[in-house]
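[1] I'll drop the sequence and a predicted model, then ask my questions.
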Amino acid sequence: MANGLKNNYLFIFIKNPILGQVKTRLASSIGHEEALRIYKALLFHTMKTSKSVEAHKIVYYSHFLDDNDIFDSSHFEKKIQTGNDLGERMSSAFAHTFTKKEKMLIIGSDCAQITSKIIEDAFEILEKNDVVIGPTFDGGYYLLGMNQYYPQLFENIQWSTSSVFKQTIQHCETLKISYSLLPTLSDIDYIDDWKKYGWEI
């Protein structure tokens, strides 16, 4: 790993691929088995995309560690998410890793459009900005990064709503935190999203 990147961390938040427990909005139109198949395709894309990024990579599982999945332990450290809601779980990941000079990004596993270059660009942005955000068309974000720990960015957010991105930006502005935005991409939540953005992966 290049010396200039030794303090880069990439957190990958995933759900364990369990039938009936992933992509439930997608499953409402195509069934749980097909939704699971699509989620596994998204997981593979996320793994392949992140594997080439020069950073310490940590996969955070929703329920249990899986030592035999596609995330090779030689490239990915593995941990369990902790916290009562998504905000607490993400905040905990940052809080337990930051010391002083790290640059940290968090991504999920729902974005078929994310690329290694977008992730690498996010690390570069943190050289000159406190925070970097990758918005989604539905009002959330697919990536959040920071060069120091700002717990306020995870507080008083209406998670899983169209207000997440807007509220996060409001927190940045209230705190006078400098931020920059990545391209707006689409999460795969519904069958139309998959047909439009996910079929190539």
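    Structure's in. What do you need? Because the structure is predicted, anything quoted here is derived from the model rather than measured.

[2] tell me the contacts of the closest residue in space to residue 111 that isn't next to it in sequence?
    Spatial nearest neighbour of residue 111, chain neighbours left out: residue 142 (4.2 Å); criterion: CB to CB, 6 or more residues apart in numbering. For glycine as for every other residue, the C-beta is placed from the backbone atoms N, C-alpha and C. Contact analysis of residue 142 by CB atoms under 8 Å, 6 or more residues apart in numbering lists 107-108, 110-111, 114, 134-136, 185, 187.

[3] Now, these that are in strands?
    Among these, the members found in strands (DSSP state E) are 107, 134-135.

[4] State the pLDDT value of the residue most central in space within the chain.
    For the chain, the residue whose C-alpha lies nearest the mean C-alpha position (CA atoms, centre = their mean) is residue 107; its distance is 1.3 Å. Per-residue confidence at residue 107 stands at 98 (pLDDT).

[5] give me every residue that touches it.
    By CB under 8 Å, 6+ apart, the contact list for residue 107 reads 10-13, 46, 50, 114, 119, 134, 142-143.

[6] between those, which is nearest residue 101?
    residue 10 (16.1 Å; CB to CB).

[7] in the chain, which spans are helices?
    Along the chain, counting by DSSP state H, helices occupy 24-30, 32-51, 86-95, 116-125, 164-175, 191-193.

[8] Make CSV from the ones you listed and add mean pLDDT, mean neighbour count and distance to residue 68 to it.
    Listed next are those as CSV, based on pLDDT from 0 to 100; neighbours: other CB atoms under 10 Å; distance: least, CB to CB, whole Å:
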stretch, mean pLDDT, mean neighbour count, distance to residue 68
helix 24-30, 95, 15, 25
helix 32-51, 97, 18, 14
helix 86-95, 97, 19, 23
helix 116-125, 98, 18, 25
helix 164-175, 98, 16, 33
helix 191-193, 93, 17, 30
